[in-house]
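Novice: Let me see the structure of the following:
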Amino acid sequence: MFDFHNPYPSTRIPLFARNVVSTSHPVAAQAGLQMLWRGGNAVDAAVAAAAAMTIVEPVSNGLGSDAFALVWDGRTLQGLNASGRAPQGWTPDYFRRKYGPDSAHPPKRGIDAVTVPGAVSSWAALSQRFGRLPFADLMGPAIELAERGYAVTPVVQQKWAAPVEELRALPGFAQTFLPFGRAPLTGELFRFPAAARALRAIAVTRGEAYYRGEVGAALAAFAREHGGVLGEADLAAYQPEWVTPIARNYRDATLHEIPPNGQGLAALIALGILDRYDLAGLPVDGAQSQHLQIEAMKLAFADVYRYVAEPGSMTLTAADLLDDAYLDQRARLIDPARAQVFQAGGPGDVHRRGGTIYLSAADESGMMVSFIQSNYMGFGSGCVEPTFGVSLQNRGHAFSLDPASPNVVAPGKRPFHTIIPAFLTRGGQPQMSFGVMGANMQPQGHVQTLVRMLDHRQSPQAACDAPRWRFNSGLDINVESAMDPATVQGLLQRGHRIADISDTYQDFGAGQFIWRAGDPSAEGYIAASDPRRDGQAVGF
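Specialist: Numbering: from 1, shown residues only. Reported below is the predicted structural model:
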C-alpha cells in the first residue's frame, strides 16, 4: 500500500471510487461519468470524454487529431494505433519542390503538415469492439457542449492565447477560434456550432461520414482549396490498427506501451536501464536519483530518435532495443558522478512543445482504458475546415525528408509519433492505467512517476504533484521551480546544464492516473489528476 502522506504542494487530493474518469478538463470528465451512470462501461466513458475534449480543450486536440489507446477488457490488454498516414501525394520531392531543396521536414503549420486524422476512427473502433451504449449516445455531451457553449478555463485560455499571432492567418483559424478577434478570456463563453454539425454526422454514421461521407468530402475540398493533396481516397482508405503492446518488467511490475511508430519504447528502455540500480536506497528527491534517471532517459532517447519509425522502416526491432544484454551494456555507460552526452539522432523537432490530451477511465467490472489524443503542437496545423469545425493536426511535420532516415516521408506511411498511453500490470493482472502528456516529456513523465510509485511507495497523486525535470538535448535539462535547491545544485555539480522554467503546463507534462486498489467491485480504484492542468478525477 502507498504512503498517502504528500510532501508536495498540491490543490488535489486522491479520489477513491469504483467507477472513475480522469481527464485534463472537468467538464469532459463529467461527460465520461454520465456514460457510467447510464450503465456504460469504461470504454463508453473514455469515448464520450474524448469527444468532449475536442470541444473544451481545442488547443490540444480536435476532430482532426490522432489517437492511441490501451484497453484492459477484463482478460487481456489490447492496443489501438489510430495515428494518421501520409497522403498518397507526399514524397520528399513534393516538399522540396514546394518549400526548397534544403528543407529537412514538411512544414510546421499549414495544410501540408496534415496527415489523415485518426481520432474519430479510434472512437468508432473502441465503441464497436468494447462499448455497451449506442455510439450516438457517446457523442451527446460533446454535441451539447459545442452547441450551448462553455466557459473557458484558465490553463486552456493560457494555451489558446499563446500561438494566436502565429496562426491567425491560417485557413479557418480566426473565424473559428478568435470569436472576438482574439482568444476568449477565462470565463468567457465559447460556442462551436460547426463542430456540433460534424459530431452529429459522426454520431449517426458511427464515424463513416468523416472518412467516407460529407465530412470527408469537405476536408478533401478544403485541402485542395489551400494547395494540399489530402484527398477523399486517402480518407476513405484509412483504418486504425489493433496492435500488441510492447512491455518491459520494472521491479515487480510490467510497463506496457504502444509499439512503434510511437516513442513509448523510450520509457521501456530507460526503466530497463534503471532496473539495474537501487533507486529505492536513494532519497526520492535527491540529486543522485534524479541524475541516474536523467542519464537513463538520455540513453533511451538516443536510440529511439535514431531507430524508431513506422515498423516496416526500422532496421532494429523493439525487442532488439529491449534485449537484456544490450540494456546491461547501455547501463554501464552511465557515470554515477557526471552528466554525459550520448549518441543522438532521429527526427529533429521532437522536442517541440505539444498539444495533447490524456484521459483514463475504469469501471467496477474491471475494464480500464488508457487513451491519448493530440493535435501535436498547439492547434496543430492551424487549419480549420469551417463547415464542420475540424481543427487539423500537424503530425506530418514529424517526418524527415532525409532519404537515409527510417522516418523519411512516403505515401501512406505513418510518422514518428510522440503521444503514448501507458498501462501497468502485476503478475499478469491490471494495476494502473496512466499517461503523462506533453511531446518528448511523455516517456520522461512515465519514468519519473513510476520510480516514485514503485520504488518509493508514493501515492499516484503525490507522484503526480512532485517536481519534475525534462531532458532536452546534450547536457541541457529543465527543472520545475518547486524542485529542492539542494537537488538542483547537486545536478549542476554533476555537469547538467539547467534552465529553470516556471511555465509548468507547457514544459513538464500533465498526467492522469487510475490505480486498481483491489477488486474493482469492492476496493475500487485510487485516481489522481495533474494540478498542471484544469482537470480532475471524478467517480462514484
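
Novice: Any stretches of this structure with poor pLDDT?
Specialist: Residues of the chain meeting the criterion pLDDT under 70: 344-354, 500-506.

Novice: for it, longest helix please?
Specialist: Longest helix of the chain, by residue count under DSSP state H: helix 287-307.

Novice: Please identify the buried residues of that helix?
Specialist: Residues of helix 287-307 classed as buried under the neighbour-count rule (16 or more other CB atoms under 10 Å) are 287-307. For every residue, glycine as well, the C-beta is placed using N, CA and C.

Novice: After that helix, which helix or strand is next? Please name it.
Specialist: helix 318-321 (DSSP states H and E).

Novice: circling back: show me what the longest helix of the chain packs onto, helices and strands only.
Specialist: In terms of contacts (3 or more CB pairs under 8 Å, 6 or more residues apart in numbering; DSSP states H and E), helix 287-307 is packed against helix 264-274, helix 318-321, helix 324-331, helix 441-450, strand 469-473, helix 485-493.

Novice: Go again with 10 Å.
Specialist: helix 264-274, helix 318-321, helix 324-331, helix 441-450, strand 469-473, strand 476-480, helix 485-493 (3 or more CB pairs under 10 Å, 6 or more residues apart in numbering; DSSP states H and E).

Novice: Let me have the ones you listed in a markdown table, extended by mean neighbour count and distance to residue 95.
Specialist: Listed next are these as a markdown table, based on neighbours: other CB atoms under 10 Å; distance: least, CB to CB, whole Å:
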| stretch | mean neighbour count | distance to residue 95 |
| --- | --- | --- |
| helix 264-274 | 28 | 27 |
| helix 318-321 | 17 | 29 |
| helix 324-331 | 15 | 35 |
| helix 441-450 | 27 | 27 |
| strand 469-473 | 20 | 24 |
| strand 476-480 | 19 | 29 |
| helix 485-493 | 15 | 40 |
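
Novice: Distance to residue 252 for those - can I get that in CSV?
Specialist: Compiled in CSV, these are given as follows (distance: least, CB to CB, whole Å):
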stretch, distance to residue 252
helix 264-274, 13
helix 318-321, 22
helix 324-331, 17
helix 441-450, 12
strand 469-473, 25
strand 476-480, 29
helix 485-493, 27
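
Novice: Quick one: closest of those to residue 145.
Specialist: Closest to residue 145 of the helices and strands packed on helix 287-307 is helix 441-450 (CB to CB; 26.5 Å).

Novice: Kindly export that closest one (C-alpha atoms) in CSV.
Specialist: Listed next in CSV are the C-alpha coordinates belonging to helix 441-450 (Å, rounded to 0.1, in the frame of the first residue of the first chain):
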residue,chain,number,x,y,z
MET,A,441,8.1,14.8,-21.8
GLN,A,442,5.7,11.8,-22.1
PRO,A,443,8.2,8.9,-21.6
GLN,A,444,10.1,11.1,-19.1
GLY,A,445,6.9,11.5,-17.1
HIS,A,446,6.2,7.8,-17.3
VAL,A,447,9.6,7.0,-15.9
GLN,A,448,9.6,9.7,-13.1
THR,A,449,6.2,8.9,-11.8
LEU,A,450,6.7,5.1,-11.9
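
Novice: Report the angle between the longest helix of the chain and strand 469-473.
Specialist: Counting by axes from the mean of the first three to the mean of the last three CA atoms, to 10 degrees, helix 287-307 lies at 40 degrees to strand 469-473.

Novice: Now find how far off-centre helix 287-307 is within its chain.
Specialist: Between the centre of helix 287-307 and the centre of its chain there are 20 Å (CA atoms, centre = their mean, to the nearest Å).

Novice: switch to numbering from 43
Specialist: Got it, first residue is 43 now, which makes that one helix 329-349.

Novice: tell me the contacts of the residue positioned nearest the centre of the chain?
Specialist: By CA atoms, centre = their mean, the chain has its centre lying nearest to residue 461, at 3.5 Å. By CB atoms under 10 Å, 6 or more residues apart in numbering, the contact list for residue 461 reads 103, 107-110, 125, 300, 304-306, 396, 398-400, 414-418, 437, 477, 479-481, 484.

Novice: among these, which are in strands?
Specialist: The strands, defined by DSSP state E, take in 108-110, 398-400, 414-418, 477, 479 from these.

Novice: Contacts only, for the residue lying closest to residue 231 once chain neighbours are set aside.
Specialist: Nearest residue to residue 231, sequence neighbours excluded (CB to CB, 6 or more residues apart in numbering): residue 191, at 4.6 Å. Each residue near residue 191 by CB under 10 Å, 6+ apart is listed here: 97, 221, 226, 230, 231, 232, 233, 234, 235.

Novice: Could you do residue 271 as well?
Specialist: Neighbour list for residue 271: 128, 129, 130, 131, 132, 136, 153, 154, 262, 265, 453 [criterion: CB under 10 Å, 6+ apart].

Novice: Mind putting those into JSON lines with secondary structure?
Specialist: Output for these, formatted as JSON lines (DSSP: H, G, I helix; E, B strand; the rest coil):
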{"residue": "128", "secondary structure": "coil"}
{"residue": "129", "secondary structure": "coil"}
{"residue": "130", "secondary structure": "coil"}
{"residue": "131", "secondary structure": "coil"}
{"residue": "132", "secondary structure": "coil"}
{"residue": "136", "secondary structure": "helix"}
{"residue": "153", "secondary structure": "helix"}
{"residue": "154", "secondary structure": "helix"}
{"residue": "262", "secondary structure": "helix"}
{"residue": "265", "secondary structure": "helix"}
{"residue": "453", "secondary structure": "coil"}
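
Novice: Just the buried residues of those residues.
Specialist: Burial by neighbour count, 16+ other CB under 10 Å: within those this picks out 128, 129, 132, 136, 153, 154, 262, 265.

Novice: Can you report how many residues lie near the closest residue in space to the fifth one that isn't next to it in sequence?
Specialist: Think residue 153. Distances taken as CB to CB, 6+ apart place residue 270 nearest to residue 153, at 3.6 Å, with adjacent residues excluded. Look at residue 270: counted by other CB atoms under 10 Å, it has 24 neighbours.

Novice: same deal with residue 445?
Specialist: 8.

Novice: so how far is residue 151 from it?
Specialist: 24 Å (CB to CB, to the nearest Å).

Novice: rewinding a little: just the closest of the buried ones among the contacts of residue 271 to residue 314, please.
Specialist: Out of these, the member with the shortest distance to residue 314 (by CB to CB) is residue 128, at 31.6 Å.

Novice: ok, the spatially closest residue to the closest one that is not a sequence neighbour - contacts?
Specialist: Of all residues not flanking residue 128 in the chain, residue 455 sits nearest, at 5.1 Å (CB to CB, 6+ apart). By CB under 10 Å, 6+ apart, residue 455 lies in contact with 127, 128, 132, 157, 303, 351, 352, 354, 355, 441, 449.
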